[in-house]
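Colleague: Here is a sequence together with a model predicted from it:
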Amino acid sequence: MAPASTTHVDETFLGGKLLIATPAIGDPRFDRAVILVCDHTAEGAMGIIINKPAAGLRLPELFEQLEVDSSQPAPDGPVLVGGPVDKDRGFVLHTRDYANDEATLPINDRIGLTATKDVLEAMASDSPPQRSLLALGYSGWAAGQLDDELVANAWLVCDMDEQLVFETDDADKWPRALECLGISPEHLSALSGHA
């Protein structure tokens, strides 16, 4: 009997984890990105960049453009660039006090992802999700692609921290995520020159 292969990451390992871009990423779209991995299977992976605000676009303006029915004013906050795929589609990361059984992808026991207009209406209602953020687009990987990028040291992986995802200023998320691993941004940059 052949030994089990250890060359690839466990197919479900990264769901609910954070990816932290290293200087080896080599793609300016992901420079200093922090991505919440929403799904990771043998077929591929998808996630949302949680620290790249869309230039000049905030939630109230987007809700007005989309004519979201609301009983309350739209929450104020940035609209994020979730990734280069499907950039005209909105994806909401939210606590699971809101869930649409047919449309919400559970990421873990506390966080879900919904991409339908009803979650926007919930955000502007009397009983919004406790925490939420909206991104346009997502980040996607074909089968084995993310595993290859991990082997190439393009990403570091850490456990999801709900406060980091929802409450930390976007500009501070990358250094804070590195701190979760005990790494300073200066140290990471220095190491990249000696890889």
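Modeller: Looks like it came in fine. Residues are numbered from 1 along each chain as shown.
Colleague: Surely residue 103 and residue 118 touch.
Modeller: Yes: Residue 103 lies in contact with residue 118 (Cβ atoms under 8 Å); the separation is 7.4 Å. (Glycine included, C-beta is placed from N, CA and C.)
Colleague: got the contact list for the spatially closest residue to residue 145 that is not a sequence neighbour?
Modeller: Leaving aside its sequence neighbours, residue 145 sits nearest to residue 44 (Cβ to Cβ, 6 or more residues apart in numbering; 6.9 Å). For residue 44, the contact set (Cβ atoms under 8 Å, 6 or more residues apart in numbering) comprises 140-143, 145-146.
Colleague: Also residue 158?
Modeller: For residue 158, the contact set (Cβ under 8 Å, 6+ apart) comprises 17-18, 20, 177, 180-181.
Colleague: ok so it is a helix residue?
Modeller: No: using DSSP: H, G, I helix; E, B strand; the rest coil, the assignment for residue 158 is strand, not a helix.
Colleague: Mind pulling the model confidence for it?
Modeller: Per-residue pLDDT puts residue 158 at 94.
Colleague: Please export the alpha-carbon coordinates of the helix ranked longest in the chain; PDB is fine.
Modeller: The residue-count maximum for a helix in the chain (DSSP state H) belongs to helix 170-180. This file holds the C-alpha atoms of helix 170-180, laid out as PDB (Å, rounded to 0.1, in the frame of the first residue of the first chain):
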ATOM      1  CA  ASP A 170      -8.500  48.300   6.700                       C
ATOM      2  CA  ALA A 171      -5.000  49.800   6.700                       C
ATOM      3  CA  ASP A 172      -4.200  48.000   9.900                       C
ATOM      4  CA  LYS A 173      -5.500  44.500   9.000                       C
ATOM      5  CA  TRP A 174      -2.300  43.300   7.200                       C
ATOM      6  CA  PRO A 175       0.100  44.200  10.000                       C
ATOM      7  CA  ARG A 176      -2.300  42.900  12.700                       C
ATOM      8  CA  ALA A 177      -2.800  39.600  10.800                       C
ATOM      9  CA  LEU A 178       1.000  39.200  10.700                       C
ATOM     10  CA  GLU A 179       1.200  40.000  14.500                       C
ATOM     11  CA  CYS A 180      -1.200  37.000  15.100                       C
END
